[in-house]
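J.: what follows is a predicted protein model with its sequence.
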Amino acid sequence: MIELFRKKDIPAILLFVIAVLLLVWFFTAKLLIFYKLGYQSDLYSHLGIARGWLTGRPVGHENQYGDHTRLHNYYFDLLMGPFALWWGAYGIFIFQFIVYLITLWYTFPVLYKAASTIHKKAMVAFFYIVIFCGPIGFFLYDNPHYGFHVEMMYIPLGFMFAISLYKKQTWVSVLTGILMVSTKEDGPVIAACIHLMYLTLEWITGKLATRQWLARCTLWGLLWVAVFIAGLLYIKARNGGNGGRVEASFETFYNRRPGETATYFSTVFRHWFMLQLPLFCTLLFFRVVNWRIWAAWLAFSLPVIAVNLISGFVYWPHTFFSITWVPRFSLTFALYLSLLSYCILFVSRNWFRPKGFSVLMFLLVGALFLRWQYTLLQVYAGYALHYSGKLVYTDPHPDDYYKHWAEVKRVRDVLPDNYPVSPPNQLFGYFHKQDYIWTGALHGGYVKPRMIIIDETNAQHLDIRYLRPPVDSVITEKVKYYFVAEDRHYLIEAGITER
């Protein structure tokens with residue numbers, strides 16, 4: 001990238017800056033969504049895992065499920081620990097943004113320098129603006145309602161892994177491969193699919209003889225399978241010999257009610273196909289018509305689909321958590337980015353001549369595809385991009401009209417960092433620097449809460465036996481505060497009670 005700046009390649013610099021600005025838009029929108037309490041649930045499990053080991057907790061512990069290593073191999077979370085410790089949830093978003101910027105910095109020069117014609121340069125622009133930073137890219141960066149799952153990191157890591165294989169830059173391949181394996185137990189699956197797809201593209205384009213291709217695919221395939229099995233066995237060992245989520249998924253699937261199967265699979269595959277449709281069409285637009293490349297994509301998509309389906313079975317019959325849920329679709333998108341980048345580097349051609357008409361077609365089709373993705377996300381993912389990407393900048397904060405939320409926020413302001421508190425779930429965003437504990441899972445907390453905050457959403461979970469006696473309380477119009485008696489001064493400082 002430095003070389004492009006030194007050469008003062010204006011089109012390259014302009015395209016790179018546009019991509020950076022789009023990522024800045026993603027990042028700032030995400031910060032605002034979180035600030036306005038738009039993220040719930042699993043974000044706070046990942047935040048707890050990320051910083052827990054730096055505060056004396058066992059590795060992998062968080063306050064909802066307790067020892068999360070019994071469920072998933074989320075060891076990549078530990079790398080975000082310092083960021084999470086310093087800035088809470090904002091630290092995770094900063095880390096995600098930095099990894100995306102590194103990915104852009106690493107991959108962009110490779111694709112752009114390989115673009116020897118104006119047509120190829122237009123493809124690179126289309127790739128970054130319409131696909132990588134397009135509406136589907138924004139959807140996967142945002143992760144509506146949840147804000148973060150560590151599987152989202154497969155997108156930048158997988159893309160860098162793919163380009164490092166092309167560059168023959170072994171240390172980057174090893175590093176990104178290890179990071180993908182540490183992300184979750186299905187990390188070896190997406191790493192293997194990208195790796196084997198690269199070898200297959202080399203074979204299809206004549207850079208590898210058939211015998212070399214078969215030998216390398218067999219060797220690396222077996223290695224990745226061994227790593228994958230080792231990860232599953234590790235989870236099984238953590239569960240005392242039980243299979244954890246994998247066994248639970250199969251058990252749920254086998255116990256499904258009659259008549260659910262056809263509806264479930266037709267729904268998830270229809271939604272998956274429709275979200276993939278712009279990606280299919282982009283390959284055709286780039287004139288990728290070699291049937292062996294399409295067959296390779298299908299073949300290496302099957303393991304990704306399989307692990308995503310199995311992961312989603314645990315939520316049966318809810319189709320939302322299947323192959324189009326952000327933590328699942330991130331693997332699909334990572335594989336696609338790798339394939340499309342390889343096609344740009346190896347085989348893509350242009351349909352149109354002359355240059356001016358070609359550029360015009362890229363602009364028109366790009367605008368069409370941006371709008372198309374926007375519509376498909378609305379229909380098949382229930383995703384309102386106009387809110388997450390636009391209205392979030394102008395909409396008022398919820399505590400402007402939920403006045404008791406503003407009251408709870410004043411309590412948050414006087415509590416020290418890492419203070420054990422159990423607030424209503426939808427207000428976790430206020431307490432991301434404290435040691436928040438789910439009211440419905442007080443048994444999962446590493447320490448007992450010193451304060452439980454109750455409103456109409458979590459009243460059914462109230463159990464003050466988890467508070468160390470003597471227990472005190474303050475009750476306002478819509479909120480009830482139960483706390484260790486010696487902590488009453490926090491309520492006084494916050495103006496909730498006079499004494």
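T.: Arrived safely, thanks for sending.

J.: what sits against the residue lying closest to His119 once chain neighbours are set aside?
T.: Distance criterion CB to CB, 6 or more residues apart in numbering; nearest residue to His119, sequence neighbours excluded, is Asn350 at 3.8 Å. From N, CA and C alone the C-beta is placed, and that goes for glycine too. Asn350 sits next to 117, 119-120, 122-123, 287, 358 when contact means CB atoms under 8 Å, 6 or more residues apart in numbering.

J.: what do you get for Pro278?
T.: Pro278 is in contact with 136, 369, 372-373, 376, counting by CB under 8 Å, 6+ apart.

J.: just those: which are in helices?
T.: 136, 369, 372-373, 376 (DSSP state H).

J.: now do the helices in the stretch 1-150 of the chain.
T.: Per DSSP state H, counting those that start in this stretch, the stretch 1-150 of the chain carries helices over the ranges 2-6, 10-35, 42-52, 81-87, 89-113, 118-126, 135-142.

J.: what's the domain layout of this protein?
T.: 2-391, 402-493 (automatic domain parsing).

J.: out of these, flag the one nearest Arg499.
T.: When those are compared by CB to CB, domain 402-493 sits nearest Arg499, at 6.7 Å.

J.: quick one: the strands in the stretch 301-450 of the chain, in order.
T.: 420-422, 435-436 (DSSP state E, counting those that start in this stretch).

J.: top of the contacts of Asn350 by number of neighbours, please.
T.: Met123 (25 neighbours; other CB atoms under 10 Å).

J.: quick check, central residue of this structure?
T.: Met152 (2.1 Å; CA atoms, centre = their mean).

J.: list the contacts of that one.
T.: Here Met152 is in contact with 96, 140-141, 143, 326-327, 330 (CB under 8 Å, 6+ apart).

J.: can I get those in CSV with neighbour count?
T.: Listed next are these as CSV, based on neighbours: other CB atoms under 10 Å:
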residue, neighbour count
Gln96, 24
Leu140, 20
Tyr141, 26
Asn143, 22
Val326, 22
Pro327, 22
Ser330, 24
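
J.: which among those gets closest to Ala192?
T.: For the contacts of Met152, the nearest to Ala192 is Ser330 (16.1 Å; CB to CB).

J.: that closest one contacts Glu151, doesn't it?
T.: Yes - contact criterion CB atoms under 8 Å: Ser330 and Glu151 qualify, at 5.1 Å.

J.: now His195. Nearest residue, chain neighbours left out?
T.: Trp220 (5.6 Å).

J.: isn't there a helix covering that neighbour?
T.: Yes - membership of Trp220 in a helix is supported by DSSP: H, G, I helix; E, B strand; the rest coil.

J.: residue contacts, it?
T.: Trp220 neighbours (CB under 8 Å, 6+ apart): 192, 195-196, 199.

J.: give me the pLDDT for it.
T.: Predicted confidence (pLDDT) for Trp220: 96.

J.: just Gly158 next, same as before
T.: 97.

J.: that one reaches Ala334, doesn't it?
T.: Yes - with contacts counted by CB under 8 Å, Gly158 reaches Ala334, the gap being 3.3 Å.

J.: joint contacts of the two?
T.: Residues touching both Gly158 and Ala334 (CB under 8 Å, 6+ apart): 190, 194.

J.: hmm, back to that, go through the contacts of Asn350 and name the one nearest Leu104.
T.: Nearest to Leu104 among these, counting by CB to CB, is Met123 at 16.5 Å.

J.: from Glu486, how far off is that closest one?
T.: When distance is defined by CB to CB, to the nearest Å, Met123 is 66 Å away from Glu486.

J.: now Ala441: how far from Ile464?
T.: As defined by CB to CB, Ala441 lies at a distance of 15 Å from Ile464.

J.: quick one on the thing from earlier: make TSV from the domains of the chain and add distance to Arg499 to it.
T.: Output for those, formatted as TSV (distance: least, CB to CB, whole Å):
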stretch	distance to Arg499
domain 2-391	31
domain 402-493	7
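
J.: quick one on the thing from earlier: secondary structure class for the residue nearest to the centre of the chain?
T.: Judged by three-state DSSP, the three-state class of Met152 is helix.

J.: Met197 now?
T.: helix.

J.: pick out the shakiest of the helices of the stretch 1-150 of the chain, pLDDT-wise.
T.: helix 2-6 has the lowest average pLDDT among the helices of the stretch 1-150 of the chain, namely a mean of 70.

J.: brilliant, that's me finished.
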